[in-house]
Each structure stands twice: as structure tokens, then as C-alpha cells.
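Enquirer: Make a model of this:
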Amino acid sequence: LLVEDLRAGSTELRRTIPPLLDELVEAGALMRVGDEYRLQTRESAAWEAEYRDRFSRIQNDEAGLASERGELLRTRVGEALKNVRLTHGQSKEPRKIQLHFSQDPPPTGGPEVPVWVRDGWNDDERSVIADARAAGPESPLVTVYLPRLAADDLKKYLASAKAARETLNAKGHPTTPEGIEARKGMETRLGFSERQRDALLDQVLAEARVIMAGGADKTGVNLADKVREAAEDALQRLYPRFPEADHPGWSKVVERARGGAADALEVVGHSGNPEDHRVCKEILAFVAGGKKGRDVRKHFAGPPYGWPQDAIDGALIVLVGSGHLRAVQDGKVLTHKQLDQRNIGVVDFRLESATVTVLQRLALRKLFQEAGVQTAPNEEANAAREFLEAMKELAGRAGGEPPLPAAPNPPLLAELSGLAGNEQLVAIYGAREELSRWRVEWSQRADLIGKRLPRWQTLRKLAEHARTLPVAVEIAPQIEAVRINRGLLNDPDPVPLLVSRLTQALREALQQVREAYTELYRTELERLEAMEAWKRLTPGQEADILRRQGIAGIPEVRVGTDEELLASLEEISLEDWVTRRDALPERFAKALEEAAKLLEPKAKRVNLPSATIRTEEELQAWLKQVEMKVREHLSKGPVIV
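Expert: As a prediction, the model looks like this:
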């Protein structure tokens, strides 16, 4: 380049040079590093060759470039529309758009507004417009058409960016100055290609057409404005019945209905009967044979309704409060006060098939209160379940396993429990006299059982302790007869006489075994106290040894009352007294052994050999055997025999 006119300035020169430099970069004669142009080095030439090989391969891969272009378009459209927020009607119900990029048309059944994104690389513009018109003016479908602009340039920069990125990954991070410069040059090329590519994509989005189903185009400053305007129109098509429930006051209806207000719907402008409101009428028709709350919500939240959840929940609570619907959760009937927006989804709703008059409700509350079930006005349905459970519990306490009579189990209770809502209340009202009579009878039996059953349990325990006594032979059959015949509540009471006979026999037997224990204890204690080793102990040492051997004294017994007698036997049974008595000699022997060891720590106990001696010779032989055994251990220390 030569400057031919020094007076003309540099404007033309500055305009001409950049395209020429870019041509040299494209030709591989120069490389660009940041804002500088540099001659190729041997290292950078190798990078350039790697890049050009990859660029050529990628540019010929039509399928790969189409896939990358499609992914970039999806990403750019998603970013452009991510802040599109829709609010519907006076109640400002939030709505969403749903983007679809497939070749097949999206479903239009909601709940989101379908936005079908198509592009000029895969679809002809005329066919896109024809499809939009064919969808019809009632469809909520919104079509976005991305025109095919600068297709060759976009292809070139897509390939260039991908080739540069692959080259950078393949060549890695060199450490030589020439290699570092070559990598920077490739990074510059990558950045330039991506900027050019993105600029072309921005142009495609700027020229995009937004078409409503039926064929009408939407205008706007940018793609987001066009789509927002189209989606707002689509909402009217998606939810044509939304205006029936479009009111900002439904949250107050929920609050007032839960509080028991009969005129809760006045907040949304309705002063007539609840069942006449359009929302309530539709819900009653849908619930019919029964529906879960979540099913009711799902049905009326979707097309063609799109009703706010507050409207659906408010109507359900109002209809439960008015007696048109019955709400049941886990078998329990809920009142309007117990319904809230957290549990409505799992509640079962059914149409009520009967009505309950004011006089019937008063009689039911009296019946329930007599059974200990407190009931507030208009909450009889919930109290009915509690009342029936209380009656079943009372029936369970009015009988039981032998010797108790069988618990009453009238079929009527099961029949009443199988009903619900107003139908159950009417049935309970019809059986109220019989239920009241049962309550009195069962309460009396339960009270009598509470008095007699503990005495029976005492009798069984006494009989167990007396099983080895002669009296048991006579008493045991009588006790079994009471059990088999379920005669505990017979009049007169059969238990006291049996208890009296057992306690008398047990007192005598307990005193006898204790006297035998006492006699042997004193004999063994006198023998122990006569031993030389024992005499050398201090009183404290004696007490410690006796306590460790379990013979510190004679256990006390109390037999004044039946309870004291049983407590004494539970602590030490008759069999235990005999066992303890038989163990006394051994325990006192161990006490003496412990005393000897205390005085002579090396002393060792030697058990004499057993034998049957018949003659003088056998006696001498046994004595010799004893002497040898004692002498054997005597050399090691004192011997305790």
C-alpha cells in the first residue's frame, strides 16, 4: 500500500486496510493476536494447518452443522423468552408458555400456552403459515418462525468456531513463546467467529415472525414482546371459561367459609344459594359419585377452566359447610372448619344424600354428650364417628376373655360405622333409644368388671402359690368352673369365698415353713458361734460374712391382710422357703470357711471323702485316707475340714 496523496488524509486508507488484513488472515499469511496482526511462524503455521484441516471437514459435515445450529437456535430462543411472565385476569393467575422445537405440532390441551418454534432451514415459510392458519382461530397455538438469513455466512462461522475450539483442545497449552503466541492467535479467531455467529443469530431472532393460530401476525419491539402479546391472546382461547371464577376475592371466601360464614360467597358478588353459583354448580356436577380433592383441582385448573386454586378450594369448603358435600379423610368426616388448603388434596368429597333437621341435630348432640363426646353445632358428623368409637370401646370394656362374659358386639354398631355424613347421622338418630340403653348397661358391666377382675387376678396368684397344698385339690376345679362358665359377674360373687379358703391355708403353710427355717437357722448359728475361728472375729467382720452368705437374719413375713400375704409369697414362695432352709448348713459352713481364711489367708478347705463304713477295718482305712488327704494339703498351709 502506498500513500499517493499526503494532503488527502487517512480516512480512505483506514477503510481499505482492515479488509485486506482479514483477507491475509483468511489466506493464512498472517495471524491475528488480539488487536494485532503478525506474520506466521513455523509453530503458528502448524496450528493454522490443524485448523484448516478441521475447518474443511466440519464445513462438509452438513448434519453436524445442522445439529449445532439447531441447538444454538433453541438456546437463543430460550434465553430471549425466559423472562416472559403471564398473569391472567383480575385474579392475576400466573401462567406459563411451553416451547416446542420438534417437527410435529405440540399438544394444545394445556395447561401451558404452546409455542411452536420452527426455522427456515427445516421448514418452508409458506408451509409454516399454512399450518398456523389450519389450526383455526380457536386454537391457543402460537408459532414462531425463524427466517433463514445469511445462511452461508452462518455456516462458515459455525464451522470456524467449532474448528478453532477443536484445534485448541487438540494442541493443548504449549510452553514456548512461539507456541503461546500461536494459541493466542487461535483463541482470537475463536472469539471473532463466535461473535460473528452470534450476531447472525441475533439478526435471525430480530426478524422472527410470531403467528397466532388462524394466521394473524403479532408485532412488537422484539421476540419476547411478540410472544407475550400472542400468549395473552392464546390464554383466552385456552381457558374460555376462566371468567366464571375470575375474581380477586376468592382467598377471602376460603377464610370466611372456614370460619362458618353462611354468606361467604358475597365476597365474589353472589348472595343466593351456594349451589346456584356457577363455580359451585360445576363442582357439584363433577364430584357426583365422589372425587379426591386433587382430582377436582386438576380438572378445574386445566382447560377450558383454568380456575384459580382459591376459587376451587373456596367453593369446596362452602359446599361442605352448606351440607351439599361430605368431606372424609382417613375414614373421618371433616367439617368446613377442619378443611384447609393443605389437606384438601387428599380429602374425599361426595354428594350428601340426606338432610338433617335442627331438631334431629339437637337430639344427636344430647346423645353424644351423654357418652362423653362434646359436640359443637353443625359438627355432628365428625362427633358421630367419635361417638361410635366410644360405644365400641365401652362394649370392649363390658366383657372380655374368660372368666368375663363375652364383650357385646351388636351388628348395628358395624352398620352405623359403615355409613358417613348426613346418612350416618339420620341412622344414629333412628337408633338413639337403643344406643342409649346399651350405653347404660355396658357402663354398669364395665364398672363391675373393674371391681371384680383385680380380685380374680389375686385369686389366680394365690392358687399358684397353693398348688402343692391339699386345699388346691378342692379349690382348683371351682376356679376352673368360674373361668369356663364366664361366671365372674355372677351374683353372688364366687371369688371372695375361694380367696378366703386359700389365704387361710397359705397363712398356715407359710408360718410352718418359716418356723422350720427359724429352728434350723438358730441351730446352725449356735454351732458357728461355738467355733474358735468365729470367736476370733470382730462383730463387724461377723456381720459382713453373714451378709455375703445371705444368712444375716431370718426374713420377716406379713400375713395380716390378703395383700400382705400375697406380697410375702411373691417375695419368698413356699418352695423357696424349703430351698433356703435346706441350704442353711452349706451357707454356714461357707461362713466358717470365710472366717478361717480371713484369719489364715493361706487356709484351704478340704472336703472329706465319702464312704460307707461297716467294719472297724473299713473305719481305719477311711481314717487313713482322710489323714493322707489332710497331710497332703497341710504342708501348704492351714486346712479347713
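
Enquirer: tell me the phi and psi of Asn222?
Expert: phi -140, psi -180 (degrees, to the nearest 10).

Enquirer: how many other residues sit next to Ser102?
Expert: Look at Ser102: counted by other C-beta atoms under 10 Å, it has 9 neighbours. Where C-beta positions appear, they are placed from N, C-alpha and C, glycine not excepted.

Enquirer: Start the count at 40 instead of 1 going forward.
Expert: That works, and once the first residue is 40, the last one we named lands at Ser141.

Enquirer: Got the confidence number for it?
Expert: At Ser141 the predicted local confidence, pLDDT, stands at 91.

Enquirer: which element is it on?
Expert: Of the helices and strands defined by DSSP states H and E, none includes Ser141.

Enquirer: Spell out which helix or strand contains Leu492, please.
Expert: Using DSSP H and E, the secondary-structure element containing Leu492 is helix 471-504.

Enquirer: buried residues in that helix?
Expert: 471, 474, 477-478, 481, 484-485, 487-488, 491-492, 495, 497-498, 501-502, 504 (16 or more other C-beta atoms under 10 Å).

Enquirer: pLDDT (mean, whole number) over that helix?
Expert: If you average the per-residue pLDDT over helix 471-504, you get 94.

Enquirer: Following the chain onward from that helix, which element is next?
Expert: Per DSSP H and E, the first helix or strand lying C-terminal to helix 471-504 is helix 509-523.

Enquirer: From the rest of the structure, what touches that next one?
Expert: Residues external to helix 509-523 that are found in contact with it (C-beta atoms under 8 Å, 6 or more residues apart in numbering): 441-442, 495, 498-499, 502, 505-506, 526-527, 529, 533-534, 537, 540-541, 544.

Enquirer: one more time with 7 Å
Expert: 441-442, 498, 502, 505, 527, 533, 537, 540-541, 544 (C-beta atoms under 7 Å, 6 or more residues apart in numbering).

Enquirer: Sort out for me which of the residues you listed are in helices.
Expert: When helices are assigned by DSSP state H, the members of those inside them are 498, 502, 537, 540-541, 544.

Enquirer: Return the member of the residues you listed nearest to Glu51.
Expert: Distance ranking of those against Glu51, using C-beta to C-beta, places Leu498 first at 126.8 Å.

Enquirer: Report the contact partners of the closest one.
Expert: Contact partners of Leu498, counting by C-beta under 7 Å, 6+ apart, are 518, 534, 537-538.

Enquirer: count of neighbours near the closest residue to Glu226 other than its chain neighbours?
Expert: Setting aside the residues directly before and after it, Glu226 is nearest to Leu207 in space (C-beta to C-beta, 6 or more residues apart in numbering), at 6.7 Å. A total of 18 residues lie near Leu207 under the criterion other C-beta under 10 Å.

Enquirer: Determine the three-state secondary structure at Leu207.
Expert: Using DSSP: H, G, I helix; E, B strand; the rest coil, the secondary structure recorded for Leu207 is helix.

Enquirer: tell me the contacts of it?
Expert: Applying C-beta under 7 Å, 6+ apart to Leu207 gives the contacts 222, 225-226, 229.

Enquirer: Name the member of these with the most neighbours.
Expert: Within the contacts of Leu207, neighbour counts (other C-beta under 10 Å) peak at Met225, which reaches 23 neighbours.

Enquirer: Can you name the helix or strand that that residue falls in?
Expert: Counting by DSSP H and E, the secondary-structure element that holds Met225 is helix 216-245.

Enquirer: quick one: buried residues of that helix?
Expert: For helix 216-245, the neighbour count (16+ other C-beta under 10 Å) marks 218, 220-225, 227-229, 231-233, 235-236, 239-240, 243-244 as buried.

Enquirer: Show the average pLDDT along stretch 149-160.
Expert: Taken as a whole, stretch 149-160 carries a mean pLDDT of 94.

Enquirer: any idea of the angle the host helix or strand of Val154 forms with helix 216-245?
Expert: Assigning secondary structure by DSSP H and E places Val154 in strand 152-158. For strand 152-158 against helix 216-245, the angle between stretch directions is 120 degrees (axes from the mean of the first three to the mean of the last three C-alpha atoms, to 10 degrees).

Enquirer: before we move on, back to that, list just the nearest of the contacts of Leu207 to Ile679.
Expert: Using C-beta to C-beta, Arg222 is the member of the contacts of Leu207 that lies nearest Ile679, at 100.4 Å.

Enquirer: That closest one - nearest residue in space that isn't next to it in sequence?
Expert: Take Arg222 and drop its neighbours on the chain: the residue closest to it by C-beta to C-beta, 6+ apart is Pro213, 6.2 Å away.

Enquirer: just to revisit the earlier point, please name every helix or strand in contact with the helix or strand following the strand holding Val154.
Expert: Downstream of strand 152-158, the next assigned helix or strand under DSSP H and E is helix 164-174. Contact partners of helix 164-174 among helices and strands, from 3 or more C-beta pairs under 7 Å, 6 or more residues apart in numbering; DSSP states H and E: strand 181-185.

Enquirer: ok, Leu452 touching Lys431?
Expert: Yes - when contacts are counted by C-beta atoms under 7 Å, Leu452 is listed as touching Lys431 (6.1 Å).

Enquirer: So between these two, which is more surrounded?
Expert: More neighbours surround Leu452 than the other of Leu452 and Lys431, with 18 against 15 (other C-beta under 10 Å).

Enquirer: Name all residues that make contact with the more buried one.
Expert: When the contact criterion is C-beta under 7 Å, 6+ apart, the partners of Leu452 are 427, 430-431.

Enquirer: From Ala366, how far out is it?
Expert: Using C-beta to C-beta, to the nearest Å, we find Leu452 at a distance of 23 Å from Ala366.

Enquirer: hmm, back to that, can you tell me which of the contacts of Leu207 is closest to Glu110?
Expert: Comparing the contacts of Leu207 against Glu110 with C-beta to C-beta picks out Leu229 as the nearest, at 17.7 Å.

Enquirer: For that closest one, give its distance to Arg222.
Expert: 10 Å.

Enquirer: And for Gln413?
Expert: Gln413 sits 84 Å away from Arg222, going by C-beta to C-beta.

Enquirer: Kindly report the same for Ala189.
Expert: 30 Å.

Enquirer: Under the pLDDT cut-off, which ranges of the stretch 540-680 of the chain? List them.
Expert: When residues are selected by pLDDT under 70, those of the stretch 540-680 of the chain lie in 640-642, 676, 678, 680.

Enquirer: the strands in it, which residues?
Expert: Chain-ordered strands for the stretch 540-680 of the chain, with DSSP state E, counting those that start in this stretch as the definition, fall at 643-644, 678-679.
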